[in-house]
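S.K.: I would like to see how this sequence folds:
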Amino acid sequence: MTGAEPPRLGIRANARQFALLVAVNALVGATIGLERSLLPALGEQVFGLVARAATLSFIAVFGVSKALTNVFAGWLADRFGRRPVLVAGWLVALPFPLLLAWAPSWGWVLAANALLGVSQGLTWSTTVIMKVDLAGPSRRGLAMGLNEFAGYLAVAVSAAVTAWLASVTHLRPEPFLLGAVYVVAGLLASALFVRETRHHVAIEVAGRSGALSAHEVLWRVSVRDPTLSAASQAGLVNNLNDGMAWGLFPLLQARAGLDLGAIGTLAAIYPAVWGLGQLATGPLSDRVGRRPLIVWGMWVQATGIAVVARASTFASFAAGNVLLGLGTAMVYPTLLAAIGDAAHPSWRASAVGVYRWWRDLGYAVGALLAGALADRVGLPAAVGVVGALTFGSGVVVAVRMRDTRLAPGAARDDSPDAATGGGASGDRAARWAPDPGSAASGDAGLGDPVPHPVG
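M.R.: Prediction:
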């Protein structure tokens, strides 16, 4: 698309920018993949941490900082545009790999993870929002599948490469220096080649009202709307079990006698299945609906966690990781697509931010809960408890969530019927409407950003 052409919706119509954003998100995923297989070992072997809760503290710091940043990332993207937020996220990440490479104490590792959380909140949130902007409503599941595929496949590759580097060189600094390459490449690509996508929102917003204040978006996504709130709790539990897997799986595998190379391979299997699977599950949700994939995905995750809790060999750990990755692939892009479906375009970026706040808070909850349980009842029991919570989350989605996929033949979101209440989109228009007595009214255009999320 040249500067003279009007914006158009669709992945094919925006193929060059969409592909660039997929590549940028792969760099975002590779940056966090640095830690995936090495930081628990770093805490125990370099800094002498014994308590599981202390070892997993880096995940809690990362989760809280990322969750908080997600809320502000949505508001900033609505207020100032998507591209500046993306570039800012890469700038924040610049010190991160160097801090990990030469941190003199565990406190410096925690500081590096706080920076990583802020960076991931800004960069990953923004790539999600930008792809939703470009894709339009009809291929939103495919867009999210491609985005999360790129990010989590890169997590897997980066985790495997850094574990291999650590096995043939040292635990640090060599493996973490790769991160500097990722961050600089992501910054240059975002600053020089990525274009703003906020103007694409005007196509979906045209002719509709539905503006909400930030407090109303927060309340609706967190509590009031059954679909949005069910998605938020599922996102939290998904990342709760991911935080547990990140922190406890390497320790459980080491206790079973596996070496660092095998642990690194296992750390790569889970996000690799997760990443590759999303190529199928994202577009599948466009065809069969969001709700079935989310419900069954949570239950497949719970099954995989149960297998890992009882595993004692590489093969059994690998089988559990494959199931966990498959379940997560069913859930992850589908939840994002459901949020994009259910939220009005004028406050969609802020809704994504609130959802991602709850989802990524799961990292902190998972790390703290899993660490405390592991210290109290042991590693296998702690893993089993998280599996039970994951199954329960799927039940909540089955009971509360309404499917957000348009029925075959229903009016598309960009059709005249959508704005006037026809078909499936008419139900969505009612859900988008401001609450009775709300101060929000009038057309929601690009000049009416959602206010500051904390007042």
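S.K.: would you mind identifying the helix or strand in the protein with the lowest mean pLDDT?
M.R.: The weakest-scoring helix or strand in the chain, judged by mean pLDDT, DSSP states H and E, is helix 416-420 (a mean of 33).
S.K.: next helix or strand past the helix or strand that contains residue 327?
M.R.: With secondary structure defined by DSSP states H and E, residue 327 is part of helix 314-342. Proceeding C-terminally, helix 314-342 gives way to helix 348-377 as the next helix or strand, assigned by DSSP H and E.
S.K.: tilt between that next one and helix 314-342?
M.R.: Taking axes from the mean of the first three to the mean of the last three CA atoms, to 10 degrees, one finds that helix 348-377 is oriented at 150 degrees with respect to helix 314-342.
S.K.: can you pull the buried residues of helix 348-377?
M.R.: By neighbour count on 16 or more other CB atoms under 10 Å, the buried set for helix 348-377 is 348-371, 373-375. Backbone N, C-alpha and C define where each C-beta goes, glycine included.
S.K.: hang on, the earlier thing: in the helix holding residue 327, what's buried?
M.R.: Buried residues in helix 314-342, defined by neighbour count with 16+ other CB under 10 Å: 314, 317-342.
S.K.: distance from the chain centre to that helix, please.
M.R.: Between the mean C-alpha point of helix 314-342 and the mean C-alpha point of its chain there is a distance of 11 Å (CA atoms, centre = their mean, to the nearest Å).
S.K.: can you list phi and psi of residue 196 for me?
M.R.: Main-chain dihedrals, residue 196, degrees, to the nearest 10: phi -70, psi 140.
S.K.: how close does it sit to residue 344?
M.R.: To residue 344, residue 196 is 20 Å away according to CB to CB, to the nearest Å.
S.K.: neighbour count: the two, which is higher?
M.R.: Counted by other CB atoms under 10 Å, residue 196 and residue 344 do not tie: residue 344 has more neighbours, with 22 against 15.
S.K.: pretty sure the more buried one contacts residue 212?
M.R.: Yes: shown here, residue 344 and residue 212 form a contact pair, counting by CB atoms under 8 Å, at 7.4 Å.
S.K.: confidence score at residue 91?
M.R.: The model reports residue 91 with a pLDDT of 97.
S.K.: any weak-confidence spans in the stretch 101-250 of the chain?
M.R.: Within the stretch 101-250 of the chain, the ranges that satisfy pLDDT under 70 run 202-211.
S.K.: ranges for the helices of it?
M.R.: Assigned helices in the stretch 101-250 of the chain, in chain order: 106-135, 140-168, 174-192, 201-205, 214-219, 226-255 (criterion: DSSP state H, counting those that start in this stretch).
S.K.: report the contact partners of residue 378.
M.R.: Residue 378 makes contact with no residue under the criterion CB atoms under 8 Å, 6 or more residues apart in numbering.
S.K.: distance of it relative to residue 195?
M.R.: Plainly put, residue 378 is 52 Å away from residue 195 if you go by CB to CB.
S.K.: please apply the same query to residue 274.
M.R.: 29 Å.
S.K.: tell me which of the two has more neighbours.
M.R.: Remark: of residue 274 and residue 195, residue 274 carries more neighbours, 29 against 17, as counted by other CB under 10 Å.
S.K.: what helix or strand does the more buried one sit in?
M.R.: Here residue 274 is assigned to helix 260-288, by DSSP H and E.
S.K.: C-terminal to that helix, which secondary structure element comes first?
M.R.: Sequence order places helix 290-309 as the next helix or strand after helix 260-288, per DSSP H and E.
S.K.: run the angle between that next one and helix 260-288 for me.
M.R.: With the same axes, to 10 degrees as the criterion, the two stretches helix 290-309 and helix 260-288 enclose an angle of 160 degrees.
S.K.: report the buried residues of helix 290-309.
M.R.: When neighbours are counted by 16+ other CB under 10 Å, the buried residues of helix 290-309 are found to be 290-309.
S.K.: residues touching residue 240, list them.
M.R.: The neighbours of residue 240, taking CB under 8 Å, 6+ apart as the test, are 362, 363, 365, 366, 369, 386, 389, 390.
S.K.: okay if I get these as CSV plus pLDDT?
M.R.: As requested, the contacts of residue 240 are arranged in CSV below (pLDDT from 0 to 100):
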residue, pLDDT
362, 88
363, 82
365, 87
366, 84
369, 87
386, 93
389, 95
390, 96
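S.K.: gap between residue 94 and residue 116?
M.R.: Here residue 94 is placed at a distance of 11 Å from residue 116 (CB to CB).
S.K.: ok, those two, which is more surrounded?
M.R.: More crowded of residue 94 and residue 116, by other CB under 10 Å: residue 116, with 27 against 15.
S.K.: correct me, but the more buried one touches residue 62?
M.R.: Yes: between residue 116 and residue 62 there is a contact at 5.8 Å, judged by CB under 8 Å.
S.K.: for residue 289, give me phi and psi.
M.R.: Torsion angles, degrees, to the nearest 10, at residue 289: phi 110, psi 160.
S.K.: what does the pLDDT read for it?
M.R.: In this prediction, residue 289 has a pLDDT value of 88.
S.K.: for it, give its distance to residue 391.
M.R.: Between residue 289 and residue 391 the distance, using CB to CB, works out to 21 Å.
S.K.: and if you look at residue 21?
M.R.: When residue 21 is compared with residue 391 (using CB to CB), they lie 34 Å apart.
S.K.: between the two, which is the more surrounded one?
M.R.: Ranked by neighbour count (other CB under 10 Å), residue 21 and residue 391 place residue 21 first, with 30 against 16.
S.K.: quick one, phi psi at residue 311?
M.R.: The phi and psi torsions at residue 311 (degrees, to the nearest 10) take the values phi -80, psi 150.
S.K.: wait, it touches residue 317, no?
M.R.: Yes: if you go by CB under 8 Å, residue 311 and residue 317 touch, sitting 4.5 Å apart.
S.K.: which residues are common contacts for the two?
M.R.: Counting by CB under 8 Å, 6+ apart, the residues touching both residue 311 and residue 317 are 252, 256.
S.K.: and the nearest residue to residue 129 once chain neighbours are set aside, what does it touch?
M.R.: Closest residue to residue 129 apart from its sequence neighbours, by CB to CB, 6 or more residues apart in numbering: residue 349 at 4.9 Å. Neighbouring residues of residue 349 by CB under 8 Å, 6+ apart: 74, 75, 77, 78, 82, 129, 450.
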